[in-house]
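1. any chance you could fold what I've pasted below:
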Amino acid sequence: MVHVGSLEDQRRTERLSTSADVRVTIDAQEINGTLFDIGAGGAKVRLSQTIIDATENISATLTIPAFGEFDGKIAWIDGKFVGIQFAENHKALVSLIREATVQKTAA
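-> Here you go, the predicted structure:
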């Protein structure tokens, strides 16, 4: 596993566990995946394929249907799992996803 910074630095924000279909774009390559957790500063995604030639600190865009695109960089890689550190704080996004998750489970 490749790490950028300490785990303490990476987890400064609360994480919301979830499961949603997403797309990650890395170097113009679009890869489908599943969102495992998300916080204001980043997300953990399981990709549909292993990215062998990618390294940390490369640009990545996380696309969450119904919520939009979120630019960032790869913070770590572990097989098919990647951590994406967002370029901006997305606290409002996490609140919206939390509300949507609660509504979905209540229905």
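
2. any idea how far the most centrally placed residue in the chain lies from Ile97?
-> Per Cα atoms, centre = their mean, the C-alpha nearest to the average position across the chain is that of Ala43, at 2.8 Å. For Ala43, the distance to Ile97 (Cβ to Cβ, to the nearest Å) stands at 10 Å. For every residue, glycine as well, the C-beta is placed using N, CA and C.

3. show me where the protein has strands.
-> 2-3, 16-26, 29-39, 42-47, 59-64, 68-78, 81-86 (DSSP state E).

4. for the residue nearest to the centre of the chain, give me its contacts.
-> Taking Cβ atoms under 8 Å, 6 or more residues apart in numbering as the contact definition, Ala43 lies against Leu35, Phe36, Asp37, Leu62, Phe70, Gly83, Ile84, Phe86.

5. now, which of the residues you listed sits nearest Arg15?
-> Of all these, the one sitting nearest Arg15 is Asp37; the distance, using Cβ to Cβ, is 4.4 Å.

6. for that closest one, which non-adjacent residue is spatially closest?
-> For Asp37, the nearest residue in space outside its immediate sequence neighbours is Arg15; the separation is 4.4 Å by Cβ to Cβ, 6 or more residues apart in numbering.
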